[in-house]
Each structure stands twice: as C-alpha cells, then as structure tokens.
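> Return atomic coordinates for the entry below.
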Amino acid sequence: MKDIELLRVVTQKQAKEIASKFGTPIYVYSMALLKKQAEKALEFPNAYGLTVRYAMKANSNAAILRFFDECGIHIDASSGYEAERAMRIGISPKKILLTSQQIPYNLKELVEKGVNYNACSLYQLEEYGKNFIGGGVSLRLNPGLGSGGTNRTNTGGPSSSFGIWYKDFDKLLEIAERYQLKIIRLHTHIGSGSDPKVWKKVALMSIIYAEKILEAGHDVRILNLGGGYKVGRMNYEKSTDLQECGEPIKQAFINFYKKTGLKLKLEIEPGTFLVANAGCLIAKVIDIKKTSWYNSIIINSGMTEVTRPALYGAQHPITIVPEHKTKNLETGNYIVYGHCCESGDILTPAPGNPEALQPRKLLKAEIGDLVVIGGTGAYCSSMCTKNYNSYPDAPEVLIDINNQFKLIKKAQTFKQMLENEL
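Predicted structure coming up:
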C-alpha cells in the first residue's frame, strides 16, 4: 500500500509509541538517516579539499547541530544569532561562516572570536572594512542566474536581493582596495531545489570570477558554491545525485589549477539535503468534515508546525496510521487542513500553488487516527508560524542509532509562551 510505504522515519508501531509517550503534534528525527545524508555530503567530488557546511536555518535543534559537528560538518549561519546559538553549544567559531541579510549588532565581537564573515552587499563590505582594515573577507556574489523549486526559493538572478550584483564587481574591488581587505573566499548560492544544470552553469561562472579576484591581487583560496540540492520529499520527485552534480565541478577546479597554479578548496552548504527526509511530524485526526465538493480531514497541527505548503504550495507525503488494527484498506480522497483559524492552513495544496486544493488519496480516516507528515526535517520546526492562534511549540524527538527515543526539545507550555508579555 503506497500510503504505508511513505513512512521513512518511523514505523507505524514507533509512531504510535511516540504519540502515546510524548503526545501530538511532535517532530521526530532519525539519527540513522541524518548519518546517511551526512556521509553522502562528505563524499561530494572535490579536487583539492572540501568543507561541508550545514545550513543551520533548515533545522537549528542543538542535538542536530552537535551531531553534524561530530561528523566533521561545519556551520553556515544566516544571522548573528544563529552563530551565537552554534557557539553556545560548543561549536568552534572558526567552523562558522556567517552569511546574513542583516549585519549583526555584535559583528566585531563575533569576528574577533573567529567567526568567518561573508559580506552580502557593498554596504556590508564597507562596514566590515571600517572595522577590520587589512583583514580577510569572504564575498557573496549574485551571478545573475538563479533557480529554485518555486520563485520564493530562488536566491539568484535580478529578482533576488541576495549577494552583490555581479555588475558591481569593480565596485567591490574598489572597496576592498580602500580598506586593504584580502578577499579569501568567493560565495554563490542560487536557490533551493534548484535545477542541477543551472547549478553547474553558475558554478563554472563562479570560477571565472574567482580568477578575476586572483588577477586583482587577492589571495582567494576558497570557492563556496552554496547548497540548493533538490531532495525529493514525494515518491515521484527526483533528488539531486551529488556525485553526478559534483564531477564536472571537480574537473573545473583541476582546470583552474592548471591555468593559475592555485588549488581552490571547495565548500558546499546543504541544508534540506541533510535533514529534510530524516524528519517527520506526527499529528492526530481531530475532525472529519464533508462538503458537496470535498472530504476533509482536520488535524491538531498545520501551519504552526509545517508552513511550507501554505507558503510555497510545497508537497509533503502524508500517511494515515489507523488508531485500531484493521484489515480494511479502504481509501478516500481528502483535503488535509490544519487546526488554525486561517483559510490558508492547508497541507494538501496543488503543487506550487498554495491557493489551489488538490485532494490526496489516503487510507480512510477516522477521528483519533494518527497522521504522519514526511519530509519535515528541514524548514519546518525552524520556519513555521510558531504560536499562531496561541498554540504552543511542539516538542521534538530523536530516534538514536539503537532505536531509542530521546526528547531533544520539550513541548512549550502555555505559561512559557506568555512569559515575555508585560
């Protein structure tokens, strides 16, 4: 039964045990699957060295950060607070690359501690230069091309605000010269769920800019090509093959060395790739409704835990786990709604269109059944409408290598949710 085969992180038995012990809704992560993805990322083809940086915005739970640190994976932080969060649990600041839209209030302190700063605009580069005359710096360049699973996950090209526009290349060199900055890293990132062909094209373009930086007298040693590796959450979606994606880049680095005598080190920044399918959300059917058009399931979760469907029209596998054992495999077509008083709180939108509905064929549901939503390891607990309608944050559990359940984040209490109000 395809509905049952969608369970990747937990078995039906485990889902019931976790729900019984910790309640619902609850995020669940598999250490075995995290390890598997980490190993794949660390095997990315490279010619002269590789650093894998975990884009911690995908899921910033401390247990997951520690696990990747133990695997030898460094950190890509998207704010000063993320950098502090990583350091707070013992991750070396030297392993952190800070790439943010907003300059942290404590930038000087972070850099002095060892955090690597990646300037994402001419203004950021100028401010960095004022504080660190003669220092080394990393630059994020918008190469003029982008690709994403949706327009909202495209982080390159003329419609994107990320990075220094490639036509301002001469201006960034002028600023670097004014403050005697040494450009040691070039960074590009074009989007999440991107087209591998576009990714390869941008990577080759980035090498050309690395050569220009070298010709301008800078000691560029690292080329960071970001992330954006497509992960198929649904069984019909294709995932990026990192070996296939990386081999042409490896050869390009070799060609760069033959031409310039410089061995560029490669950095990549997977987020979704590492954690998306290593996590699921367990919720419960709390109501069933019917109109002249649709049969609907309402669950005790929704955009408060998984916002991606409402935001992007993103697709997540959904599995019904019957409360009672049954041999009846009758199915039905359902719209799955969240518990928020919000018409957009839908878990089954049409692909790429959050305003359209697309029923799913699921096992016939009854009130009390569990609902397992897959692919929620990335951009769910860290990117949801927390506390909307005053629903407390959901807890998080890790299934360790020995299949033991470890609570890695407690459920937020109603009192905790209100404690900062005056």
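
> Now for residue 42, how many residues are close by?
Here the number of neighbours of residue 42 (other Cβ atoms under 10 Å) works out to 15. The way it works is simple: take the backbone N, C-alpha and C, and place the C-beta from them, glycine included.

> likewise residue 217?
Other residues lying near residue 217 total 11 when counted by other Cβ under 10 Å.

> Show me the domain layout of this structure.
2-28+277-418, 31-275 (automatic domain parsing).

> so which helix or strand takes in residue 254?
For residue 254, the enclosing helix or strand under DSSP states H and E is helix 242-260.

> Can you tell me which helices and strands that helix packs against?
Packing contacts for helix 242-260, counted by 3 or more Cβ pairs under 8 Å, 6 or more residues apart in numbering; DSSP states H and E, involve helix 196-215.

> Check which helices and strands the next helix-or-strand element following the helix it packs on sits against.
Downstream of helix 196-215, the first helix or strand assigned by DSSP H and E is strand 222-224. On a contact count with 3+ Cβ pairs under 8 Å, 6+ apart, strand 222-224 meets strand 182-187, helix 196-215, strand 265-268.

> one more time with 6 Å
strand 182-187, strand 265-268 (3 or more Cβ pairs under 6 Å, 6 or more residues apart in numbering; DSSP states H and E).

> Sheet-wise, list the partners of the shortest one with their directions.
Paired strands of strand 265-268, with direction, are strand 50-55 (parallel), strand 222-224 (parallel) (DSSP bridges).

> Can you check the pLDDT for residue 237?
If you check residue 237, the pLDDT there is 89.

> Equivalent analysis for the one 5 residues further on, please.
Model confidence at residue 242, expressed as pLDDT, equals 90.

> Would you check that it makes contact with residue 42?
No - at 9.9 Å, residue 242 does not count as touching residue 42 under the criterion of Cβ atoms under 6 Å.

> Could you export the helices and strands packed on strand 222-224 as TSV, including distance to residue 317?
Listed next are the helices and strands packed on strand 222-224 as TSV, based on distance: least, Cβ to Cβ, whole Å:
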stretch	distance to residue 317
strand 182-187	33
strand 265-268	26
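
> Can I get these in CSV including distance to residue 403 and mean neighbour count?
Output for the helices and strands packed on strand 222-224, formatted as CSV (distance: least, Cβ to Cβ, whole Å; neighbours: other Cβ atoms under 10 Å):
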stretch, distance to residue 403, mean neighbour count
strand 182-187, 39, 21
strand 265-268, 30, 22
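
> among the domains of the chain, where is the model least confident on average?
Lowest mean pLDDT of the domains of the chain: domain 31-275, a mean of 89.

> now the angle from the helix holding residue 254 to strand 50-55?
Using axes from the mean of the first three to the mean of the last three Cα atoms, to 10 degrees, the inter-axis angle of helix 242-260 relative to strand 50-55 is 130 degrees.

> quick one: the nearest residue to residue 360 once chain neighbours are set aside and residue 142, what's the gap?
Sequence neighbours aside, residue 348 is the residue nearest to residue 360 in space, at 5.0 Å (criterion: Cβ to Cβ, 6 or more residues apart in numbering). Applying Cβ to Cβ, to the nearest Å, the value for residue 348 to residue 142 is 35 Å.

> where along the stretch 1-150 of the chain do the helices fall?
Secondary structure of the stretch 1-150 of the chain (DSSP state H, counting those that start in this stretch): helices at 2-5, 12-22, 31-42, 62-70, 80-88, 107-113, 122-131.

> in the fourth one, what's buried?
Put plainly, it is helix 62-70. Using 16 or more other Cβ atoms under 10 Å as the test for burial, helix 62-70 gives 63, 64, 65, 67, 68, 69.

> How many neighbouring residues does the closest residue to residue 265 other than its chain neighbours have?
Nearest residue to residue 265 in three dimensions, chain neighbours excluded: residue 49, at 4.2 Å (Cβ to Cβ, 6+ apart). When neighbours are defined as other Cβ under 10 Å, residue 49 has 13 of them.

> Same question for residue 325.
Applying other Cβ under 10 Å, we find 6 residues neighbouring residue 325.

> What is the burial count for the residue nearest to residue 380 when sequence neighbours are not counted?
Counting by Cβ to Cβ, 6+ apart, residue 380 lies nearest to residue 306, which is 5.1 Å off, once chain neighbours are set aside. A total of 28 residues lie near residue 306 under the criterion other Cβ under 10 Å.

> quick one: secondary structure of residue 306?
Classification of residue 306 using DSSP: H, G, I helix; E, B strand; the rest coil returns coil.

> Verify the stated contact: it with residue 379.
No - in this structure residue 306 lies outside contact range of residue 379 using Cβ under 6 Å: 9.1 Å.

> Name the residues contacting each of those two.
Counting by Cβ atoms under 6 Å, 6 or more residues apart in numbering, residue 306 and residue 379 have no contacts in common.
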